[in-house]
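Engineer: Whatever this is, show me its structure:
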Amino acid sequence: MAHPKRKISKTRRDKRRTHYKASVPQIATDPTTGEAHLYHRAHWHEGKLYYRGQVVVDATVAEA
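Structural biologist: Numbering: from 1, shown residues only. Reported below is the predicted structural model:
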């Protein structure tokens, strides 16, 4: 099994980890409803599921 020859200092370890950062998710506004949602995600608004401004699922219509 491979083992390090020398101890890696905390400074060196932390320098390597500087690139791992939490990013703020981008928020989009639906053109039809004006609702804020995450990019490339469908969202519910008043009983309807919207994606890219179009109704995908309409839960308000009763199934017969």
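
Engineer: CA only for contacts and neighbour counts going forward, please
Structural biologist: Noted.

Engineer: Which stretches in the chain count as helices?
Structural biologist: 10-16 (DSSP state H).

Engineer: where does it dip in pLDDT?
Structural biologist: Low-confidence segments of the chain (pLDDT under 70): 62-64.

Engineer: switch to 80 and redo it
Structural biologist: Under the criterion pLDDT under 80, the flagged ranges of the chain are 1, 20, 61-64.

Engineer: List the buried residues for stretch 24-36?
Structural biologist: Residues of stretch 24-36 classed as buried by neighbour count (16 or more other CA atoms under 10 Å): residue 30.

Engineer: Between the two ends of that stretch, what distance do you get?
Structural biologist: Stretch 24-36 has an end-to-end distance of 15 Å (CA to CA, to the nearest Å).

Engineer: Contacts for that stretch, please.
Structural biologist: Outside stretch 24-36, the residues that touch it by CA atoms under 8 Å, 6 or more residues apart in numbering are 37, 38, 39, 45, 52, 53, 54.

Engineer: which of those tops the neighbour count?
Structural biologist: Neighbour tally across the contacts of stretch 24-36 (other CA atoms under 10 Å): the maximum, 17 neighbours, falls on residue 37.

Engineer: doesn't residue 43 make contact with that one?
Structural biologist: Yes. With contact defined as CA atoms under 8 Å, residue 37 reaches residue 43; the gap is 6.6 Å.

Engineer: Give me the buried positions along stretch 6-23.
Structural biologist: In stretch 6-23, counting by 16+ other CA under 10 Å, buried: nothing.

Engineer: Could I have the CA atoms of it written out in PDB?
Structural biologist: What follows is stretch 6-23, C-alpha atoms only, in PDB (Å, rounded to 0.1, in the frame of the first residue of the first chain):
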ATOM      1  CA  ARG A   6       6.500  13.000   4.700                       C
ATOM      2  CA  LYS A   7       3.600  14.600   6.600                       C
ATOM      3  CA  ILE A   8       1.700  17.100   4.500                       C
ATOM      4  CA  SER A   9       1.400  20.400   6.500                       C
ATOM      5  CA  LYS A  10      -1.900  22.000   7.200                       C
ATOM      6  CA  THR A  11      -1.000  25.000   5.100                       C
ATOM      7  CA  ARG A  12      -0.300  22.800   2.000                       C
ATOM      8  CA  ARG A  13      -3.500  20.800   2.600                       C
ATOM      9  CA  ASP A  14      -5.600  24.000   2.800                       C
ATOM     10  CA  LYS A  15      -4.000  25.500  -0.300                       C
ATOM     11  CA  ARG A  16      -5.100  22.400  -2.200                       C
ATOM     12  CA  ARG A  17      -8.600  22.700  -0.900                       C
ATOM     13  CA  THR A  18      -9.100  26.400  -1.800                       C
ATOM     14  CA  HIS A  19     -10.800  25.600  -5.100                       C
ATOM     15  CA  TYR A  20     -13.700  23.700  -3.500                       C
ATOM     16  CA  LYS A  21     -16.200  26.500  -2.900                       C
ATOM     17  CA  ALA A  22     -19.900  26.500  -2.500                       C
ATOM     18  CA  SER A  23     -21.600  28.400  -5.400                       C
END
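
Engineer: Cool, thanks, talk later.
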